[in-house]
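**Student:** give me a 3D structure for the following:
(4 chains)
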There are 2 protein chains.
Amino acid sequence: MYTIKQASLRSGVSVSLMRAWERRYAVVHPDRTSSGYRLYDDDGISRLRAMRGLIEHGWSARQAASAVLEHPSAAGPRVLDASPDGSPPGAALVSAAAQYDLAAVEGALDDLFGRGSFEAVIDELVLPAAAMLGQAWASGQIDVAAEHLASGAVFRRLSALFDMGGLSGSGPQVLVGLPPDSRHELGALAFGVALRRLGVDVLYLGADVPVESWVDAAADSAAQAAVVGVVTARDIPPASEVAAALRAARPDLVLAFGGASAGGLSAIGDVTVLPARVVEAARALRGRLR
Amino acid sequence: MYTIKQASLRSGVSVSLMRAWERRYAVVHPDRTSSGYRLYDDDGISRLRAMRGLIEHGWSARQAASAVLEHPSAAGPRVLDASPDGSPPGAALVSAAAQYDLAAVEGALDDLFGRGSFEAVIDELVLPAAAMLGQAWASGQIDVAAEHLASGAVFRRLSALFDMGGLSGSGPQVLVGLPPDSRHELGALAFGVALRRLGVDVLYLGADVPVESWVDAAADSAAQAAVVGVVTARDIPPASEVAAALRAARPDLVLAFGGASAGGLSAIGDVTVLPARVVEAARALRGRLR
DNA sequence: TTGCCCTGTATCGGGTTTGTACAGGCTTCG
DNA sequence: CGAAGCCTGTACAAACCCGATACAGGGCAA
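**Tutor:** Numbers count the residues shown, from 1 in each chain, chains lettered A, B, ... in the order given. The predicted structure follows:
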């Protein structure tokens, strides 16, 4: 349940306009606190967002409202909306980074994370935006320092979410990390957050973990599974080395590869290849535990 | 069991506010001594920390409280192994890392950060503990993966503090980062946090920043100063390269070196060498601005 | 063109929420 | 014993939210 300000941030509709739409078209019926404050649920946010989308596509407000009221399914849990000007959601992050404007970076992240729950936004908005940062750097559009600035901010957000996940202390333990020489860890960390939010105790090892360290971690911890990130095609050989060493050291360990290039490793024995999207990957792995 | 002040330090919630939350939302029910003093347990600390996290992410206090009350599993207890008297404060962190026990790692960090304000503990406890981690790794006492696990947790704490610092938006801007090929960024990040808490807008570039990126960042941002971390003696040559390039590109920029090995660079022109302790270093740099 | 409706936005007076501070008195600890 | 810490209760300012109203600009019909 969100206050009107939070609902405004999540729906992209201004506070004044939300009240106007409610009064004129009864497009939402938020609950009220005992003192009369509006409290919006996810369905209300979806309706507001759907209505905004229709209006941006040229509909009049009244038509949009009746469409939303008539087709409640049209206001499904879709989250991914292009910005008003049609630019992809991560563009604001890239341009903020290019100008070394940390406030704008944080604002862009507020916008991305504010559009829904972690699970709703991470695969659709946040990681694509981070990927755009990498592309912008690769294409020379922004500098390494600018890329660091912005991806560091993303990393901090994810870190806060990781810590906020809280330890169940009793759940299964899973090692998560990247193979040697692999450095882009945002996806792995996001996966760790998603897994932790499913009640799994994640031992997050980070980037560039040597093969022997994987083995030692598996031997010295009570981990039930290990997930090795495979971000680029270059990570495939070291990742398969890690898997082979882990398999030899701990035959009982559930092994999985995750990440964009994990598909390149499907040939290897009994190693699970997780879906590319971190939320689905976390659910898939969770299903293999216990 | 902690007194209210200890609980405040560990949870990051002020004493007044803890009482207000208890009175208004009944989010905790601390035991009482016979004379009425509150006594908090680890579960209470976790609840307060969770509520604080939700509020920092935009929830209203009342919504956050009901979420914490409704979802008690999110706040699991954390047990800290009693460390033998006389052992240095960071020993618990190292032994927790050695056992890949993330709960114990978080508990050790709770203990370290709980002993005082950021300024009080960072130089005395947290960074020495992080240094002990590095030494334990160098001496073969713990593995790289264990070191990653624990220093990642420290990094996340510092990241949260960095984000909590908030942007003044109007303060002077300072670039903070490490020279090329330098990777141990905990000290630089801690310095960034300290600086931010003094009202300076820190543009944190992170580790391993190429010379050209320093130059571009200085050129494209409105930074008044740049601080280059010099962690080990090996960082001295690249750091001096960065300084020379920055001096050439932006003669007006205030340049400073920070970190344990910054002293090795005292010979270079008008570059300030900051004290080794981050709090003093931040104050020293602050004095040179505006 | 004129006048009217639609629609997004701004403002006003008044109530609510929330973080912080203070006063006066009791407890703990060195 | 004195300083520091903690208690309850109260107060307060800033931020937030409420309903109501006003208003500007665009579209549209007369």
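
**Student:** any part of the lowest-mean-pLDDT helix or strand in chain A near chain B?
**Tutor:** Every helix and strand of chain A was ranked by mean pLDDT, DSSP states H and E. The lowest is helix A:102-114, at a mean of 80. Yes - using CB under 8 Å from any CB of the partner chain, helix A:102-114 reaches chain B at A:L102, A:A103, A:E106, A:D110, A:F113, A:G114. Quick note: C-beta positions are derived from backbone N, CA and C, even for glycine.

**Student:** biggest separation within these, which pair?
**Tutor:** Farthest pair in the residues of helix A:102-114 next to chain B (CB to CB) is A:L102 and A:G114. Separation: 17.7 Å.

**Student:** re the thing from before, with just CA atoms, put the least confident helix or strand of chain A into PDB.
**Tutor:** The C-alpha trace of helix A:102-114 is given here as PDB (Å, rounded to 0.1, in the frame of the first residue of the first chain):
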ATOM      1  CA  LEU A 102      25.500  12.100  -9.400                       C
ATOM      2  CA  ALA A 103      22.200  13.600  -8.400                       C
ATOM      3  CA  ALA A 104      20.700  12.800 -11.800                       C
ATOM      4  CA  VAL A 105      22.100   9.300 -11.600                       C
ATOM      5  CA  GLU A 106      20.400   8.800  -8.300                       C
ATOM      6  CA  GLY A 107      17.200  10.300  -9.700                       C
ATOM      7  CA  ALA A 108      17.300   7.900 -12.700                       C
ATOM      8  CA  LEU A 109      17.700   5.000 -10.300                       C
ATOM      9  CA  ASP A 110      14.900   6.300  -8.100                       C
ATOM     10  CA  ASP A 111      12.800   6.200 -11.200                       C
ATOM     11  CA  LEU A 112      13.800   2.700 -12.300                       C
ATOM     12  CA  PHE A 113      13.500   1.200  -8.900                       C
ATOM     13  CA  GLY A 114      10.400   3.100  -8.100                       C
END
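
**Student:** give me the residues contacting it.
**Tutor:** By CB atoms under 8 Å, 6 or more residues apart in numbering or on different chains, the list of residues contacting helix A:102-114 from outside reads A:6, A:9-10, A:89-90, A:92-93, A:95-97, A:121, A:125-126, A:129, A:149-150, A:153-154, A:157, B:57-58, B:163, B:167, B:169, B:201-203.

**Student:** could you list which of the residues you listed belong to helices?
**Tutor:** Among the contacts of helix A:102-114, the ones falling in helices (DSSP state H) are A:6, A:9-10, A:92-93, A:95-97, A:121, A:129, A:149-150, A:153-154, A:157, B:163.

**Student:** in chain A, which spans are helices?
**Tutor:** A:4-11, A:15-25, A:42-56, A:61-70, A:91-98, A:102-114, A:118-121, A:127-138, A:144-164, A:186-196, A:211-220, A:236-249, A:278-287.

**Student:** counting contacts, what elements does the last one pack onto?
**Tutor:** Yep, that's helix A:278-287 we're talking about. Helix A:278-287 sits against helix A:186-196, strand A:254-258, with contacts defined as 3 or more CB pairs under 8 Å, 6 or more residues apart in numbering or on different chains; DSSP states H and E.

**Student:** and the angle for the shortest one with helix A:211-220?
**Tutor:** Right, strand A:254-258. Counting by axes from the mean of the first three to the mean of the last three CA atoms, to 10 degrees, strand A:254-258 lies at 140 degrees to helix A:211-220.

**Student:** is strand A:254-258 positioned near chain B?
**Tutor:** No - interface with chain B: strand A:254-258 contributes nothing (CB under 8 Å from any CB), its closest point being 15.8 Å away.

**Student:** check the longest one too.
**Tutor:** No - looking at helix A:186-196 against chain B by CB under 8 Å from any CB, there are no contacts, and the closest approach is 9.0 Å.

**Student:** contact partners of that helix?
**Tutor:** A:118-119, A:122, A:126-127, A:130, A:151, A:154-155, A:158-159, A:161-162, A:165-166, A:174, A:176-178, A:202, A:204, A:206-207, A:227, A:229, A:231, A:258-260, A:278-279, A:281-282, A:285-286.

**Student:** distance-wise, check A:A226 relative to A:P172.
**Tutor:** Applying CB to CB, to the nearest Å, the value for A:A226 to A:P172 is 12 Å.

**Student:** more neighbours, these two?
**Tutor:** Of the pair A:A226 and A:P172, A:A226 is the one with more neighbours under other CB atoms under 10 Å in any protein chain shown, namely 28 against 20.

**Student:** check contacts around that one.
**Tutor:** By CB under 8 Å, 6+ apart, A:A226 lies in contact with A:V174, A:L175, A:V176, A:W214, A:A217, A:A218, A:L246, A:L253, A:V254, A:L255, A:A256.
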